[in-house]
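Enquirer: would you be able to build a 3D model of this:
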Amino acid sequence: MENLWRSERVPGEVELAIGRAGDGTDPVVCLHGITAEHRAFNTAARYLGPSRGLVGVDLRGRGDSDKPDSGYGLETHASDVARVLDHLGLESAVLVGHSMGGFVALKTALAFPERVRALVLLDGAWPRVESSPEEMTEEEREEAAALEKGLARAFGRLDMTFESPEAYLDFWFPDQGLTMDDLPPDLADYYLYDLGEVEGGYQPKASRAAAEEDSRLNAENSPTAEEMRGVACPVALVRASQGFFPGSVPLISDETRDIMARVLDIRTEALLEGANHYTMLWEPYTRRWVELLHSEDWLQ
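Expert: Numbers count the residues shown, from 1 in each chain. Down below sits the predicted model:
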């Protein structure tokens with residue numbers, strides 16, 4: 001993995017860490033989920049980096065980026081993305097966003113339309129539901145419950161100290177006794193980068209304050225379906241057939257997909273059968289959506 005990424009810092013009041021894979025002059029820019037970091041795109045970088053170029057961003061509050069006590073939200077992250085594009089010398093780029101990264105990509109396309117050539121949304125950027133819980137459809141209630149359960153588990157680890165990286169794996173894969181050597185290299189590298197050494201062991205690098213503030217602000221301010229009509233660029237939509245957990249309902253249901261198709265210019269889409277919200281980023285599923293980025297025929 002050391003040869004896959006070249007680390008850089010994006011200067012500013014809040015410095016951002018990015019990883020660059022490949023030497024392409026028009027790299028895709030990838031944005032991760034709410035408690036993740038850029039190594040979530042390890043597999044994508046291996047497939048795409050050498051030919052096209054890929055840049056993974058550690059959003060503020062995550063990975064090796066600065067972690068202010070407050071000052072998050074989609075508008076702030078979108079401004080950070082524009083700053084990354086400036087740093088890379090890109091007038092515009094294709095943005096790939098997974099989970100919350102999809103919402104950040106969408107907000108960037110709304111706030112800086114001239115900077116975003118296309119969006120690839122990976123299980124993210126569904127429209128904000130404006131109805132009360134009593135007014136929600138059954139599918140909307142199921143989606144909201146699945147999201148709450150998944151976030152609670154992801155957030156729960158952020159205050160924990162793990163005595164070893166293997167103890168961290170036991171959190172994610174209970175009672176399996178896994179070591180890093182048991183995992184595919186892409187995934188092992190993700191978990192190792194996700195941890196920072198602290199007194200007594202290791203803690204996830206993502207800031208709990210950042211994740212909680214983003215979660216609250218996203219719930220309040222993410223774009224509605226009507227606001228999403230303002231996105232002017234082409235979109236590729238990629239959905240996992242399952243939610244956070246095997247067998248759980250998908251985060252983007254068929255009903256929500258249909259709403260997105262009415263308000264966005266979706267040029268191509270894929271439903272990854274058998275994948276969940278996490279595994280869609282790894283083998284064997286990554287190749288399905290990375291193929292969209294080897295060619296821009298779908299943008300024409």
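Enquirer: where does the protein dip in pLDDT?
Expert: Where the chain drops to pLDDT under 70, the residues are 1-2, 131-136, 139-147, 149-150.
Enquirer: quick one: the strands in it, in order.
Expert: Ranges of strands in the chain, per DSSP state E, are 6-10, 16-21, 28-31, 54-58, 93-98, 116-122, 195-198, 201-204, 234-240, 265-272.
Enquirer: just send those strands back as JSON lines, with mean neighbour count too.
Expert: The way it works is simple: take the backbone N, C-alpha and C, and place the C-beta from them, glycine included. Compiled in JSON lines, those are given as follows (neighbours: other CB atoms under 10 Å):
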{"stretch": "strand 6-10", "mean neighbour count": "14"}
{"stretch": "strand 16-21", "mean neighbour count": "23"}
{"stretch": "strand 28-31", "mean neighbour count": "28"}
{"stretch": "strand 54-58", "mean neighbour count": "28"}
{"stretch": "strand 93-98", "mean neighbour count": "26"}
{"stretch": "strand 116-122", "mean neighbour count": "25"}
{"stretch": "strand 195-198", "mean neighbour count": "12"}
{"stretch": "strand 201-204", "mean neighbour count": "20"}
{"stretch": "strand 234-240", "mean neighbour count": "23"}
{"stretch": "strand 265-272", "mean neighbour count": "17"}
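Enquirer: format those strands as CSV; extra columns: distance to residue 256.
Expert: Listed next are the strands of the chain as CSV, based on distance: least, CB to CB, whole Å:
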stretch, distance to residue 256
strand 6-10, 33
strand 16-21, 31
strand 28-31, 20
strand 54-58, 26
strand 93-98, 16
strand 116-122, 12
strand 195-198, 34
strand 201-204, 29
strand 234-240, 9
strand 265-272, 12
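Enquirer: which among those is found nearest to residue 46?
Expert: strand 16-21 (7.7 Å; CB to CB).
Enquirer: so which elements touch that closest one?
Expert: Counting contacts by 3 or more CB pairs under 8 Å, 6 or more residues apart in numbering; DSSP states H and E, strand 16-21 packs against strand 6-10, helix 42-48, strand 54-58, helix 74-88.
Enquirer: how about a cut-off of 10 Å?
Expert: In terms of contacts (3 or more CB pairs under 10 Å, 6 or more residues apart in numbering; DSSP states H and E), strand 16-21 is packed against strand 6-10, strand 28-31, helix 42-48, strand 54-58, helix 74-88.
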